[in-house]
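Colleague: Sequence plus predicted model, see below.
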Amino acid sequence: MNLTGKRVLVTGGAGFIGSHLVDKLISNGCFIRVIDNLVNGKLEYLKHYESRKEFDFILGSVTDSSDVARAIEGIDIVFHLACLGVRHSIKHPFENHRVNAEGTLVVLKEAFDAKVEKFVYCSSSEIYGTAEYIPMDENHPPLPCTVYGASKLAGESYTRAYHKTYGMSTLIVRPFNTYGPRSHHDGNAGEMIPKSIVRAINGEDVLIFGDGSQTRDFTYVEDTVEGFVNIVNCDQLIGGTVNLGSGFEISMKSIAEMINSIAGSSAEKIKYTVTRPGDVIRLYADASFLKSVTGWSPKMSLMDGLVKTVEWFKSRPEGGSALLSQEKDINWV
């Protein structure tokens with residue numbers, strides 16, 4: 001598929017990964033429409049496109065079929081990224097399910113009615129739960145630990161059903177942990193790397209939930225969205241499911257030490273605290289299938305990516321103390 005000139009809808013396009021995907025697709029010559037309710041997304045990430053004819057923004061919800069129908073009119077390709085996160089699901093399981101699972105079904109139905117060419121569903125490594133073997137390939141059993149993981153798995157099932165029952169050209173992507181500029185440090189969307197950076201640049205202890213032995217497979221956001229573009233261009237993946245990860249694991253303790261070092265804080269400024277409910281213990285991607293069919297591989301090293309992310313947070317116009325005031329240490333209650 002040649003993306004140049006394609007009309008693309010990105011749900012959740014004002015969010016962390018979504019806004020970077022918008023950047024990538026516009027650089028590929030696409031017309032982009034974003035639908036976002038701005039619960040977690042920020043218009044500032046898209047403001048440089050406001051006056052451009054190849055960009056359109058709709059304030060709306062993926063749970064509202066009329067909003068989605070309006071957003072999808074005339075669209076060729078849908079990237080469905082809109083969701084609520086892991087920590088949100090702990091306190092608000094029904095709302096999390098409604099957006100992540102039912103919202104996906106709404107977008108699928110409207111996309112099918114609009115006869116879109118391709119539908120790309122952004123799932124999550126959280127559908128796997130804790131690794132039963134490593135590295136984790138696409139056949140690893142799905143055993144989610146949270147309602148978030150379960151709702152993303154439900155979205156996968158709806159997407160797969162639209163391919164098998166209706167012949168819709170769908171692709172399911174399971175990104176492992178993505179980090180980088182614009183990542184969420186605030187509220188119940190906040191995750192380990194951005195939360196830790198905000199604390200470190202303010203001279204505060206970086207928090208580790210549990211004993212710090214938990215591992216993750218981190219991919220820099222620009223590599224993640226490059227993977228999305230490679231996937232939508234690959235007809236071999238239609239109807240399929242593919243992991244997107246860097247193919248290594250690192251402990252939370254090691255990440256905290258790296259962030260402190262980059263931010264100029266003491267490596268010892270780490271505070272161990274309560275274990276997060278539903279926390280996955282180990283994630284380590286086998287992304288060899290994606291690499292074999294598209295040639296994709298991550299370009300950014302973890303150290304270089306963390307440096308870029310720390311620099312981005314340090315450069316924020318609101319200042320470090322304001323960022324710290326937005327960061328909630330225990331963000332699931």
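Modeller: That came in fine, so what should we check first?

Colleague: now N2: how far from V229?
Modeller: N2 sits 12 Å away from V229, taking C-beta to C-beta, to the nearest Å as the criterion. Glycine gets a C-beta too; all of them are placed from N, C-alpha and C.

Colleague: Look at the two and report which has more neighbours.
Modeller: Looking at N2 and V229 with other C-beta atoms under 10 Å, you find the greater number of neighbours at V229, namely 21 against 8.

Colleague: right, and the secondary structure at the more buried one would be what?
Modeller: For V229, the reduced secondary structure class is helix; criterion used: DSSP: H, G, I helix; E, B strand; the rest coil.

Colleague: and stretch 1-21, average pLDDT?
Modeller: Average pLDDT, stretch 1-21: 96.

Colleague: Quick one: the helices in this structure, in order.
Modeller: 16-27, 65-72, 86-91, 93-97, 103-113, 147-166, 192-201, 221-232, 252-263, 288-294, 302-314, 320-326 (DSSP state H).

Colleague: Show me which residues of the fifth one are buried.
Modeller: Of all the residues in helix 103-113, those buried under the rule 16 or more other C-beta atoms under 10 Å are G103, T104, L105, V106, V107, L108, K109, E110, A111, F112.

Colleague: is it true that the third one touches S157?
Modeller: In this case it means L105. No - at 9.8 Å, L105 does not count as touching S157 under the criterion of C-beta atoms under 8 Å.

Colleague: Need the overlap of contacts for these two.
Modeller: With contacts defined as C-beta atoms under 8 Å, 6 or more residues apart in numbering, no residue is shared by L105 and S157.

Colleague: OK, contacts around Q214?
Modeller: Counting by C-beta under 8 Å, 6+ apart, Q214 makes contact with S251, M252, D279, V280, I281, R282.

Colleague: so what's the first one bridging to?
Modeller: To tie it back to what came earlier, the one meant is S251. With DSSP bridges as the criterion, the beta-bridge partners of S251 are T215.

Colleague: okay, now it: neighbour count?
Modeller: By the criterion of other C-beta under 10 Å, S251 has 16 neighbours.

Colleague: same question, the fourth one
Modeller: Counted with other C-beta under 10 Å, the burial measure for V280 works out to 22 neighbours.

Colleague: dump the residue contacts of the residue lying closest to L153 once chain neighbours are set aside.
Modeller: Leaving out its chain neighbours, the residue that sits closest to L153 by C-beta to C-beta, 6 or more residues apart in numbering is I127, at 4.3 Å. Taking C-beta under 8 Å, 6+ apart as the criterion, I127 is in contact with P142, P144, G149, A150, K152, L153, E156, R174.

Colleague: I'd like the distance between the nearest residue to the fourth one once chain neighbours are set aside and E222.
Modeller: This points to A150. Distances taken as C-beta to C-beta, 6+ apart put P144 closest to A150, at 4.6 Å, once the chain neighbours are dropped. Relative to E222, P144 is positioned 27 Å away (C-beta to C-beta).
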